[in-house]
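K.L.:
requesting a structural model of the entry that follows:
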Amino acid sequence: MPMGRQSINQTGDFEKHMRIHAVDKPYQCDVCGKIFNHLGNLQTHMRTHTGDKPYKCDVCGKVFNVRGNLQTHMRTHTGDKPYKCDVCGKAVSQRDILQNHLKIHTGDKPYECNVCGKAFILKGTLQIHMRTHTGDKPYKCDVCGKMFSQKETLKAHMRTHTGDKPYKCHICGKAFNQRGNLKVHMRTHTGDKPYKCDVCGKAFMRKDTLQMHMRTHNGDKPYECDVCGKAFIQTGGLRTHIMTHTGEKPYKCDVCGKAFRQTGNLQTHMKTHTGEKPYKCDVCGKAFSITGNLQTHMRTHTGEKPYKCDVCGKAFSVTGNLQTHMRIHTGD
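P.N.:
Numbering: from 1, shown residues only. Below is the predicted model:
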């Protein structure tokens, strides 16, 4: 008798094991009709109908309907990651996570969208992607009614209502409501700028910032003013511009009452009250409250005069001086 069969017979499990290979599955669910080859599997399955979750985590209280799921969950508390990638050495807590991870190395993307052809490693990711075509948003916020295509996006959104910010920077202590925002923030400490412009080589910390920057090269200005037709690269630029029509100046100085359209202008203005001059000339030591003023001042040392008269060719270091000079030619 083969050693494998003898070993199974000794434990009394041979008959049970053979049902895996046999067509016969004698245990059927009375609710949905699904059939099983082991009684224990049927009993576990029944919990999907009854909602019974007898296995409880002693640490956080979360409950599960299968003991194996509890054992896997416990690794979130212990940090145990027994499954290791042979290619890059990354360790994970579950076997199926490792199997999916390996597809990153093999390039295997078996799940393809039949609308646009985009392929994915995970079936679940394809299902989520399909919502970009169908417009399906099954997850609804109970507070404001906003709809989302992904459960995780809804969870992150709920933090805007609760104020919960579970992702904290270990360097400066700043907290965020999304893990991705913390990841981007960390680049302010590391200096990492992974998104590079193919045209001019300028690098950025954020992908969306690079996308906006590209408009300076392709001339794309998708945000247009309904009043005068002026177009802008960024929606923020359009919002600020609209205030020139409405007269709105929402940012007000607490000291003198002067109002501004942009918060940056208010911050600059506040330095006139505090006397703060953080921008210092490396040549003569003169300090300025605005970086632009320092740049203009530096021309007194370099002799640079970038503003040139188109009529007579005279050059100036400050654009205002050129504008004054032009009156000689216009007679204004």
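
K.L.:
quick check: end-to-end length of stretch 162-170?
P.N.:
End-to-end distance of stretch 162-170 (Cα to Cα, to the nearest Å): 22 Å.

K.L.:
now that stretch: mean pLDDT?
P.N.:
Mean pLDDT, stretch 162-170: 92.

K.L.:
equivalent analysis for stretch 27-34, please.
P.N.:
On average, stretch 27-34 scores 91.

K.L.:
how far does it sit from the chain's center?
P.N.:
On the basis of Cα atoms, centre = their mean, to the nearest Å, stretch 27-34 sits 43 Å off its chain's mean C-alpha point.

K.L.:
residues contacting that stretch, please?
P.N.:
Under the criterion Cβ atoms under 8 Å, 6 or more residues apart in numbering, residues 35-39, 41-42, 45-46, 49 lie in contact with stretch 27-34. Where you see a C-beta, it was placed from the backbone N, CA and C, and this is true even at glycine.

K.L.:
in that stretch, what counts as buried?
P.N.:
Of all the residues in stretch 27-34, those buried under the rule 16 or more other Cβ atoms under 10 Å are residue 27.

K.L.:
do the same with stretch 211-221
P.N.:
212-213.

K.L.:
what do you get for stretch 269-282?
P.N.:
By neighbour count on 16+ other Cβ under 10 Å, the buried set for stretch 269-282 is 269, 279.

K.L.:
lowest mean pLDDT among the helices and strands, pick that one out for the protein.
P.N.:
Among the helices and strands of the chain, helix 3-11 carries the lowest confidence by mean pLDDT, DSSP states H and E, at a mean of 45.

K.L.:
wait, is residue 58 part of a helix?
P.N.:
No - Residue 58 is assigned coil when assessed by DSSP: H, G, I helix; E, B strand; the rest coil, not a helix.

K.L.:
how near is it to residue 165?
P.N.:
Separation of residue 58 from residue 165 (Cβ to Cβ, to the nearest Å): 28 Å.

K.L.:
residue 106 now?
P.N.:
38 Å.

K.L.:
please, where are all the helices along this protein?
P.N.:
With DSSP state H applied, the chain shows helices at 3-11, 14-18, 39-50, 67-78, 95-106, 123-134, 151-162, 179-190, 207-218, 235-246, 263-274, 291-302, 319-330, listed in chain order.

K.L.:
nearest to residue 226, of those?
P.N.:
Minimum separation from residue 226 across the helices of the chain (Cβ to Cβ) falls at helix 235-246, 8.5 Å.
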